[in-house]
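Colleague: sequence first, then the predicted structure, then my questions.
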Amino acid sequence: MHVPPNMTEEQTLAEITKVIDRIAPRYTFYGYELDDIKQESFIICADALPRYDATRPLENFLAVHLSNRLKNFVRDNHFIKGEDEKKKIVMPGQLVNEQTILDDREEKDNILDYSEMTSAVDRKLPAEYRSDYLKIINDVYVPKKRKEEVLGLIHEILEEGGHA
């Protein structure tokens with residue numbers, strides 16, 4: 001493992017562990033065990049260390065890099081192009097944003113039309129919730145009470161549209 005010049009190996013491992021403990025749990029709802037995500041995250045962080053610019057904080061570098069790599073993993077492994085060339089999300093029967101949004105229709109094999117869902121949310125979500133919604137989908141901190149309020153509203157919108 002490459003150790004940045006201004007840090008010890010212990011400090012580097014501590015930074016990696018702190019970032020992994022904060023980011024990895026966000027990706028367990030895609031059907032993966034937390035330990036598996038943490039192991040993969042460690043490898044991702046260790047591989048990124050040679051590209052680290054020591055003039056910037058290591059935690060920020062690792063957090064952005066890990067978050068982007070995990071998002072790319074989700075995009076590459078959980079989105080497919082449908083016959084109509086719209087992106088569809090393939091869920092392994094797990095949770096999305098702490099709310100159950102499963103498609104019960106057997107004929108679709110648990111494939112949700114992601115573009116329809118986002119379009120419905122975009123049309124019906126009141127303006128005062130828009131910034132918090134964007135923060136949630138971009139993994140930016142939102143206070144728990146507000147996050148639950150926004151997710152509850154999104155769940156209602158999706159239920160109205162027959163997506164939940």
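Modeller: Arrived safely. Residues are numbered from 1 along each chain as shown.
Colleague: this structure - how does it break down into domains?
Modeller: The record's domain parsing of the chain by automatic domain parsing lists 9-77, 82-160.
Colleague: weakest of those in terms of mean pLDDT?
Modeller: Among those, domain 82-160 carries the lowest mean pLDDT, a mean of 68.
Colleague: how distant is the helix or strand hosting Ile43 from the center of its chain?
Modeller: Counting by DSSP states H and E, the element that carries Ile43 is helix 34-48. Computed by C-alpha atoms, centre = their mean, to the nearest Å, the chain-centroid distance of helix 34-48 equals 15 Å.
Colleague: same thing with stretch 56-70?
Modeller: A distance of 14 Å separates the centroid of the chain from that of stretch 56-70, by C-alpha atoms, centre = their mean.
Colleague: longest helix of the protein?
Modeller: Ranked by residue count, the top helix of the chain under DSSP state H comes out as helix 58-78.
Colleague: buried set for that helix?
Modeller: Buried residues in helix 58-78, defined by neighbour count with 16 or more other C-beta atoms under 10 Å: Leu58, Phe61, Leu62, Ala63, His65, Leu66, Ser67, Arg69, Leu70, Phe73. C-betas here are computed from N, CA, C, even on glycine.
Colleague: and what of stretch 138-158?
Modeller: Within stretch 138-158, the residues that count as buried by 16+ other C-beta under 10 Å are Val142, Lys147, Val150, Leu151, Leu153, Ile154, His155, Ile157, Leu158.
Colleague: hang on, the earlier thing: can you redo the domains of the chain as a markdown table with distance to Met1?
Modeller: Output for the domains of the chain, formatted as a markdown table (distance: least, C-beta to C-beta, whole Å):
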| stretch | distance to Met1 |
| --- | --- |
| domain 9-77 | 5 |
| domain 82-160 | 26 |
